[in-house]
Structures are given as structure tokens and as C-alpha cells.
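S.K.: no sequence for this one, just the structure:
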């Protein structure tokens with residue numbers, strides 16, 4: 001089974017990201033071996049080093065988990081029409097770990113559901129030589145989708161169907177790119 005790293009991009013107190021990430025991990029477990037990466041506990045430094053500086057231990061610890069992933073799913077809020085700084089820092093700490101691998105984006109926010117954050121992430125992942133898949137899961141006004149007993153999401157929200165389409169595409173791309181990397185190692 002292929003490995004999927006689900007990355008929780010928010011580190012803010014009271015964040016909604018873990019709720020979405022655990023829900024997505026449950027959906028993805030039908031098709032992937034899931035590794036949940038929470039940037040709030042990863043301990044990545046906010047300041048990037050100079051090229052000659054020693055790599056911090058927390059960066060070294062996360063690197064093999066990202067390298068082992070065949071695909072990524074990034075769960076991000078939209079904050080001020082963008083994605084969180086902690087997520088950008090995490091993307092910048094690594095380079096080869098992202099190469100020639102597919103990325104699904106799950107965004108949440110107000111009425112737009114995080115579409116601006118998604119668009120920006122697509123540009124950055126292109127620069128990191130990763131492939132963002134077409135379909136996403138967008139969660140506008142996500143706070144309205146809780147059930148009376150506090151469960152999320154309401155069955156009527158339709159998010160399971162969106163996640164299935166996205167995950168099916170992610171499986172296809174993960175297999176295709178894994179096969180391509182095996183046949184011919186990726187060199188930028």
C-alpha cells in the first residue's frame with residue numbers, strides 16, 4: 001500500500017485543522033497507509049539557516065517521513081487570503097522530499113473555503129517540482145457543518161464524495177509517479 005503524508009498546516013491554538021486531517025485520514029486509510037504530520041508538534045524552526053549552517057534535529061527527524069511518502073495531502077486554513085506561515089516554512093525546509101510526488105489540497109475558511117490559499121500552494125508546489133492534483137476538497141463556512149451532537153461533518157455536507165474523487169485521483173497519480181521514479185530516477 002502506498003504511503004500518504006497528511007500535513008496539518010495550521011499551528012494556531014483552537015485550530016480546526018486536526019478535525020479535518022483526522023477525518024481525511026480516516027477516508028484515505030481505505031487506499032493509503034497514512035502518516036499524520038502535525039506542524040504544531042513537529043518543532044520546525046521558523047528561521048531558515050544559511051546554506052553552511054547545521055540542519056536542526058527537528059528538521060532531520062521529519063525528513064525521512066516526508067521522503068517515504070508517495071503522496072501528500074495538505075490541510076490548510078485560509079488566513080488573510082493565504083495559507084499559514086508555519087506551512088510555508090515547512091515547505092521551505094525541504095526540497096527533494098517533494099519531487100515528483102502528487103499533492104492534494106484540502107482547504108477551509110469563510111465563504112471561499114480557502115480557494116486563495118489553494119491557488120498559492122499550487123504555485124509553490126510547482127516550484128518544488130511536485131504535482132498538485134486537479135480536484136480538491138474545499139470547506140466554506142466549515143463551522144456550519146457540525147451535527148447537533150458536535151460531530152463533523154454533517155452527512156448532508158457531501159464532503160465524503162468530494163474526498164473520494166480527490167483520493168481516487170491521488171492514488172492514480174501516486175502510482176503513476178512512483179512507477180516513473182522507479183523506472184527513471186527524477187532529476188530536476
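M.R.: On my side now, so go ahead. Just so it is clear, the structure is predicted and the values come from calculations on it, not from any experiment.

S.K.: pairing partners for the host helix or strand of residue 36, with directions?
M.R.: Following DSSP states H and E, one finds residue 36 within strand 33-38. Note on strand 33-38: by DSSP bridges, its sheet partners are strand 3-8 (parallel).

S.K.: for the residue nearest to the spatial centre of the chain, list each beta-bridge partner.
M.R.: Nearest to the geometric centre of the chain sits residue 74, at 1.2 Å (C-alpha atoms, centre = their mean). Using DSSP bridges, the beta-bridge partners of residue 74 come out as residue 7, residue 105.

S.K.: where's residue 185, which helix or strand?
M.R.: Here residue 185 is assigned to no helix or strand, by DSSP H and E.

S.K.: now the strand holding residue 36: buried residues?
M.R.: 34, 35, 36, 37, 38 (16 or more other C-beta atoms under 10 Å). (Glycine included, C-beta is placed from N, CA and C.)

S.K.: the second one reaches residue 3, doesn't it?
M.R.: Yes. With contact defined as C-beta atoms under 8 Å, residue 35 reaches residue 3; the gap is 6.2 Å.

S.K.: overlap in contacts of these two?
M.R.: Common contact partners of residue 35 and residue 3 (C-beta atoms under 8 Å, 6 or more residues apart in numbering): 68, 69.

S.K.: longest helix anywhere in the protein?
M.R.: Counting by DSSP state H, the longest helix found in the chain is helix 159-183.

S.K.: can you pull the buried residues of that one?
M.R.: Those would be 159, 162, 163, 166, 167, 169, 170, 171, 173, 174, 177, 178, for helix 159-183 by 16+ other C-beta under 10 Å.
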